[in-house]
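Peer 1: whatever this is, show me its structure:
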Amino acid sequence: MGDVLAELLARRGYARPQAANAYEQAWAAAAGEMLAKHTRVGTVRRGALDVTVANSVLLQELTFQKESILGQLSRLLPDERIASLRFRVGPIA
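Peer 2: As a prediction, this is how the structure comes out:
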């Protein structure tokens, strides 16, 4: 019964807000509040978490910290199997 309900929720898109909230919380813990407040977490596609950043300087800083952040995200979200991060500059509001 639980599997059927989970499948129904996933198909109808009801699970997306909870997943987005989990991504945001894990991202804030992994990247740190200072960096997280200047970013917006997207979705996980093919093992890559999309992250929009406020500017190119921040993008470069996150690129330097990528491996460390990935390790923490793997620990915080083990079921998501996030293997990489995709950064792009854009609006975060």
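
Peer 1: for the protein, what spans make up the strands?
Peer 2: 39-45, 48-53, 84-89 (DSSP state E).

Peer 1: skipping its backbone neighbours, what lies nearest Glu61 in space?
Peer 2: Of all residues beyond its chain neighbours, the one nearest Glu61 is Leu35 (7.2 Å), with distances taken as CB to CB, 6 or more residues apart in numbering. The C-beta positions use only the backbone N, C-alpha and C, and glycine is treated the same way.

Peer 1: tell me the spacing between that neighbour and Leu58.
Peer 2: When distance is defined by CB to CB, to the nearest Å, Leu35 is 7 Å away from Leu58.

Peer 1: try Gln72
Peer 2: Taking CB to CB, one finds Gln72 at 18 Å from Leu58.

Peer 1: likewise Ala31?
Peer 2: Using CB to CB, Ala31 is found at 10 Å from Leu58.

Peer 1: pull the residues that contact the longest helix seen in the chain.
Peer 2: Under DSSP state H, the helix in the chain containing the largest number of residues is helix 16-31. Under the criterion CB atoms under 8 Å, 6 or more residues apart in numbering, residues 36, 39, 41, 43-44, 49, 51, 62, 65, 69, 72-73, 76-77, 80 lie in contact with helix 16-31.

Peer 1: need the max-distance pair from these.
Peer 2: Greatest spatial distance among the contacts of helix 16-31 (CB to CB): Thr43 and Gln65, at 20.9 Å.

Peer 1: quick one, which of those two is more surrounded?
Peer 2: Gln65 (15 against 11; other CB atoms under 10 Å).

Peer 1: show me what contacts the more buried one?
Peer 2: Counting by CB under 8 Å, 6+ apart, Gln65 touches 31, 35.
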